[in-house]
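Colleague: Predicted model follows, preceded by the sequence.
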Amino acid sequence: MNPTELAYRRTAVEGASGFGLLIALYDTLVGNLRRAADAQRKNDIPTRCQEINHALLVIGYLEDWIDRENGGELAQKLVAFYSNLRAKLIEAQAKQSAEVLEQEMAVILAIRGTWQDLELRASSALVVPYEPEAINYPGIALAQDDHRVSSWSA
């Protein structure tokens with residue numbers, strides 16, 4: 001990962017919601033598998049192993065977040081998904097298959113999209129309608145037509 005990607009990820013994670021962190025981990029997984037597949041095609045075995053090992057570590061973090069006692073059906077499905085994903089990564093290592101890695105990337109991206117949709121729904125459910133008439137702060141005058149602050153004094 002280059003310094004720009006690392007800086008971007010650090011910025012994205014700081015202050016992120018639970019969904020945001022989950023999505024960042026899925027992005028990390030996809031990046032690991034993409035780099036592992038590229039390394040496999042170049043016959044760069046040490047890099048492939050390093051990337052897959054990191055992906056396995058990320059899967060472990062994701063599994064730790066699962067509430068197995070109270071998570072119900074979703075928790076069971078996630079446990080099965082992560083277990084299957086781990087098995088596929090081991091299979092890709094054994095078969096030295098970039099194709100298996102790319103297939104798993106597609107699955108991860110699809111699930112990531114679902115998490116992103118849920119994040120958008122959750123954030124839109126928290127939006128409070130803006131009612132400028134209800135705001136009456138001294139020193140702030142709201143323009144009638146555009147509801148922006150038109151003057152301010154300290």
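Modeller: Received, thanks.

Colleague: Please report the residue range of the longest helix in the chain.
Modeller: For the chain, the helix with the greatest residue count under DSSP state H is helix 98-125.

Colleague: for that one, which positions count as buried?
Modeller: By neighbour count with 16 or more other CB atoms under 10 Å, helix 98-125 contains the buried residues 98, 100-101, 104-105, 108, 112, 115, 119. Using the backbone N, CA and C atoms, a C-beta is placed for each residue, glycine as well.

Colleague: For the chain, which segments are assigned as strands?
Modeller: 140-142, 149-152 (DSSP state E).

Colleague: gap between Gly31 and Ile52?
Modeller: Distance of Gly31 to Ile52, computed by CB to CB, to the nearest Å: 12 Å.

Colleague: So for those two, which sits in the more crowded spot?
Modeller: Neighbour totals were compared for Gly31 and Ile52, and Ile52 leads with 22 against 18 (other CB atoms under 10 Å).

Colleague: Settle this for me: that one is touching Leu89, isn't it.
Modeller: Yes: the pair Ile52 / Leu89 is scored as a contact, 5.4 Å apart, by CB atoms under 8 Å.

Colleague: Now do the shared contacts for these two.
Modeller: Listed as contacting both Ile52 and Leu89 by CB atoms under 8 Å, 6 or more residues apart in numbering are 33, 101.
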